[in-house]
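Asker: Got a predicted structure here, sequence first:
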Amino acid sequence: AQSVTQLDSQVPVFEEAPVELRCNYSSSVSVYLFWYVQYPNQGLQLLLKYLSGSTLVKGINGFEAEFNKSQTSFHLRKPSVHISDTAEYFCAVSLLQGAQKLVFGQGTRLTINP
Amino acid sequence: KAGVTQTPRYLIKTRGQQVTLSCSPISGHRSVSWYQQTPGQGLQFLFEYFSETQRNKGNFPGRFSGRQFSNSRSEMNVSTLELGDSALYLCASSFNGADSPLHFGNGTRLTVT
């Protein structure tokens, strides 16, 4: 079975500061990796995904993530955050084959302070 | 292209009742998945349908069921509602396969009293 651990439930940062949201996963087989963002009263929106190839993936809104197979991590980063980045962020994994099924982490609430 | 549409947005039901939630996927998407989101358990996979067939199922009791129609629209039904079923129910559609990103609707917030 797969599991995802997001190491921080809340991350407060000041506007224009860099941020890293940490994600570790556990799986006995290879997986696809995703980061989703959820704004208040909305569904989830895909930020970026790692399927294969380059371990550094770039997503929307200036976010990027690095896949580290040896550390089973997929941390999300942004060099300079804005107030509009305030949201909840979810890391997720899915198996490479078969039915579409995501296993999510518990989420990290990112709060940007002016 | 229209996004994933879920109806209704809000629903209040009483214990013991049943409820049906509806989801219209993005045009061309044949896979529809359902997730339950609660503060305590987070996001949990309910089931996934592809071409009217249930392809995968999560660890939920049989009170939770779903179906998919030939136009890919999907419905989710919960019978004999319990207080613990209060949650945000999210529907997501994708083209096909595990590498296709999910596109989520805004959810249906179900409150059971």
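Answerer: Nice, I can see it. All of these numbers come straight from a predicted model, not from anything done at the bench.
Asker: If you count neighbours, what's buried in the helix-or-strand element of chain B with minimal mean pLDDT?
Answerer: Least confident helix or strand of chain B, by mean pLDDT, DSSP states H and E, is strand B:53-57 with a mean of 91. Neighbour-count burial for strand B:53-57, counted by 16 or more other Cβ atoms under 10 Å in any protein chain shown, picks out B:55-56. (Glycine included, C-beta is placed from N, CA and C.)
Asker: ditto for stretch B:70-77
Answerer: B:72-76.
Asker: So which residues make contact with it?
Answerer: Stretch B:70-77 is touched from outside by B:18-25, B:29-30, B:32, B:34, B:46, B:49, B:52, B:64-69, B:89, B:91, B:93, with contacts defined as Cβ atoms under 8 Å, 6 or more residues apart in numbering or on different chains.
Asker: Residue 66 is in what secondary structure piece?
Answerer: In the absence of a named chain, chain A is used. Residue A:66 is located in strand A:64-68, with elements delineated by DSSP states H and E.
Asker: I was after chain B.
Answerer: Residue B:66 is part of strand B:64-68 when elements are defined by DSSP H and E.
Asker: Check which helices and strands that strand is in contact with.
Answerer: strand B:42-50, strand B:74-78 (3 or more Cβ pairs under 8 Å, 6 or more residues apart in numbering or on different chains; DSSP states H and E).
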